[in-house]
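**Student:** have a look at this prediction, sequence included:
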Amino acid sequence: MKAWTPISLALDRILRFWNLQARAWRTALDWTVWIYFIVPGLLYAVGTYRAWWLYPPDWLTGLPAGLAALPTLLLALTGQLRVLVEEADILFLRQRLDWMRSIMGIGAAYTFLMHVLQSALAFGLLSLWLVRIIGLGAGPIAAWALYTAAYRTLFSVAGNLIRAYWRGWRRYAVLTAAVILAGGLYLLPVSGFLAARDPAYLWGAAAITLAAAALAAAFKLGAKGTFANDLLMERQAKLATADLLLQGVMERKPTVQLARPLLFRRSGRLFRGTDAGTVLGEARIKSFLRKWANVQLWFSFHSASTAAILMSPGWLAPAVAAVLPFIAAAWIREQWREWAAEPFISQFPWSGEDLRKGSSRSGFWLLIAGFVWLAAAAGGGMAGWPGLPIGAVCGLAYGFALLKLMEKLRFFP
Amino acid sequence: MEPSIQPDLRLDVNLRSAGYEEKKDTIRNVRFQVHSGELVGLIGPNGAGKSTTIKSILGLLRHRDGEVAFGGPTGRYAYVPEHPVVYEYLTLWEHLRLAAAAFGMEEAAFAAKAEALLERFRLSEARHELPAKFSKGMQQKLMLVTGFMLEPDLYIVDEPFIGLDPRATKDLLDFLEAERRRGAGILMSTHVLDTAEKICDGFVLIDGGSVVAQGTLPDVRQTAGLADSSLFDCFLALT
């Protein structure tokens, strides 16, 4: 059995990290994905790249040379420092400063190595533009790639420290200022090089940035009170692949978590009634409106519907405006079912009548605005500005009647 | 770590302020000591600042104004958090080996000591198992065994009784008592006041980020103005 040293422990953690990433990708990339998507995709991409290399497309030749700095700027400002710490280090390893500094130092070196590889790959792809269009040679491109890799490492250390030292809105403010400042500084030697075509700008910038990155990393290794943030960053790095694969599926934690909601900040009432059905409906409306994803979808649906109405010929527009709200109603009904089944709601012994009243009341108020909106759009499309209020009134009447009928027919569960 | 303190002191805490954000103190003027062989209970309601105090002691907070000094022959401490943290991919034996390597323990000494500890803690059968499969009590024993092997001068134990059955609780109390006899100091944060009242030599009662009472139980009773009352009653009176 091996005897641990800081180096062996750090390397072990790097290997485990890659093992974890490989396992995550293997779950998504089975042989069917390879055969039907990745291999054909790669062949197509390589073929297209080769064709563009031999016969550069007009849109590429027309791009200004300075624009080539933008993707490199993005690369320079999006790195993440790896320090290879783990939660269990708090038990005893953290007391050994020499071990922790060695492990974190290896993490920083690994970070730089990865940034060099990522930069090489990015500049390899950008070579189509840099070599064939702008006419740069291998030397300047290598200098630019090295400069970008060093800058990426430097900014990742800065980002790590900013996240450790500040919280809440101050963190975002400082990060934003840092991005703006760092972006401007990055572009100085790049723009100098592109103007003068002298690679000395980039080699010099690379040397300075490498030295600065080394100093920043040394400062980071001696910084106090950053362990908790380092753990968080390491966790995010480990879960990055899983996060990417699940981003269309999992609901994200909000970027800013508020202590009080933006809407109904004093938990105020919407309706006068205090019966169970009314209170339930009120809670449903507040829950719906306080969840940004719901509001976003509601607006997206009605915006797309508006476009459909305005594109419809005159006689069809009112019919489209009359039918589309049924889709919204079906969605609201499903949303209600999910919400009513949530553990906190379903633990209470609501009567069938309470649930129906809550559902229909909340459904009415969540849908009526849509009826008015779409009918106004139809009216506006048919008769211009005067048609807007007429359409809105018609939509209100139609929506009111239809939603009451739906309530009678027990459309809302 | 801060330099030299009295020989029998294992922990000297002098925190003027500490918090998670600059100029937003979560705790203020928290001062107490833990001596050799002493078990000090860190008591307080939820949100009082107990966890912040512990994090300040462990150097996990960026914003800390004050001094924390660890004493004893080696100045080492062992931290046993409320929620077990282990290296998921290392077996129990490998946890001990890593701790031994980090503190320069010779291989022969490590092997002998680890065997003896596993035997004493009834963990010999599980030495090559991964701790992710262990119960909470076993994971806690793993953390304690790792600590014991290094013979720390101080234990910082956060809510150790939560999730433990009565036998595991007794085991824990026995282990801590044995370490006290060895001369280690123990700082224990807990909500289980009746157990704390029985086993602690002293208390630090925190509320709203400040110390509202400290000392022995009679001292706490005097501060609360409740003679002959239980720690529970003093807690309710003071917080």
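**Tutor:** Received it, and whenever you're ready, just let me know what you need. Numbers count the residues shown, from 1 in each chain, chains lettered A, B, ... in the order given.

**Student:** which single residue of chain A ends up nearest chain B?
**Tutor:** Chain A approaches chain B most closely through A:Gly225 (3.3 Å), counting by Cβ to the nearest Cβ. Where C-beta positions appear, they are placed from N, C-alpha and C, glycine not excepted.

**Student:** got the contact list for the nearest residue to that residue once chain neighbours are set aside?
**Tutor:** Nearest in space to A:Gly225, with sequence neighbours left out and distances taken as Cβ to Cβ, 6 or more residues apart in numbering or on different chains, is B:Arg62 at 3.3 Å. Neighbouring residues of B:Arg62 by Cβ atoms under 8 Å, 6 or more residues apart in numbering or on different chains: A:164-165, A:224-226, B:20.

**Student:** re the thing from before, any idea how many residues pack against the residue of chain A closest to chain B?
**Tutor:** 18 (other Cβ atoms under 10 Å in any protein chain shown).

**Student:** which two from the contacts of B:Arg62 end up farthest apart in space?
**Tutor:** Put simply, by Cβ to Cβ the two of the contacts of B:Arg62 set farthest apart are A:Lys224 and B:Tyr20, 14.3 Å from each other.

**Student:** go through the contacts of B:Arg62 and say which is closest to A:Leu9.
**Tutor:** Nearest to A:Leu9 among the contacts of B:Arg62: A:Thr226, at 19.3 Å, using Cβ to Cβ.

**Student:** and the closest residue to that closest one other than its chain neighbours, how far is that from A:Thr176?
**Tutor:** Nearest non-adjacent residue to A:Thr226, counting by Cβ to Cβ, 6+ apart: A:Ala164, 3.9 Å away. From A:Ala164 over to A:Thr176 the distance is 17 Å, taken as Cβ to Cβ, to the nearest Å.

**Student:** and if you look at A:Arg269?
**Tutor:** Distance, A:Arg269 to A:Thr176, using Cβ to Cβ: 39 Å.

**Student:** quick one, which of A:Lys224 and B:Tyr20 is more surrounded?
**Tutor:** The residue with more neighbours, out of A:Lys224 and B:Tyr20, is B:Tyr20; 16 against 11, by other Cβ under 10 Å.

**Student:** give me phi/psi at the more buried one?
**Tutor:** phi -90, psi -20 (degrees, to the nearest 10).

**Student:** next: A:Gln347.
**Tutor:** phi -70, psi -20.

**Student:** now A:Leu374
**Tutor:** phi -70, psi -40.

**Student:** just the element for the closest residue in space to it that isn't next to it in sequence, please.
**Tutor:** Closest residue in space to A:Leu374, ignoring its immediate chain neighbours: A:Ala321 at 4.3 Å, by Cβ to Cβ, 6+ apart. Using DSSP states H and E, A:Ala321 sits within helix A:317-340.

**Student:** can you give me the mean pLDDT across that helix?
**Tutor:** Average pLDDT, helix A:317-340: 91.

**Student:** so after it, what's the next helix or strand?
**Tutor:** Tracing the chain C-terminally past helix A:317-340 and defining elements by DSSP H and E, one meets helix A:343-346 next.

**Student:** and for that following helix, what's in contact with it?
**Tutor:** Residues from elsewhere that reach helix A:343-346 (Cβ under 8 Å, 6+ apart): A:280, A:283, A:339-340.

**Student:** tally of neighbours for A:Arg16?
**Tutor:** As a burial measure, A:Arg16 scores 15 neighbours (other Cβ under 10 Å).

**Student:** list the contacts for it?
**Tutor:** A:Arg16 makes contact with B:Tyr89, according to Cβ under 8 Å, 6+ apart.

**Student:** distance-wise, check it relative to B:Met138.
**Tutor:** 23 Å.
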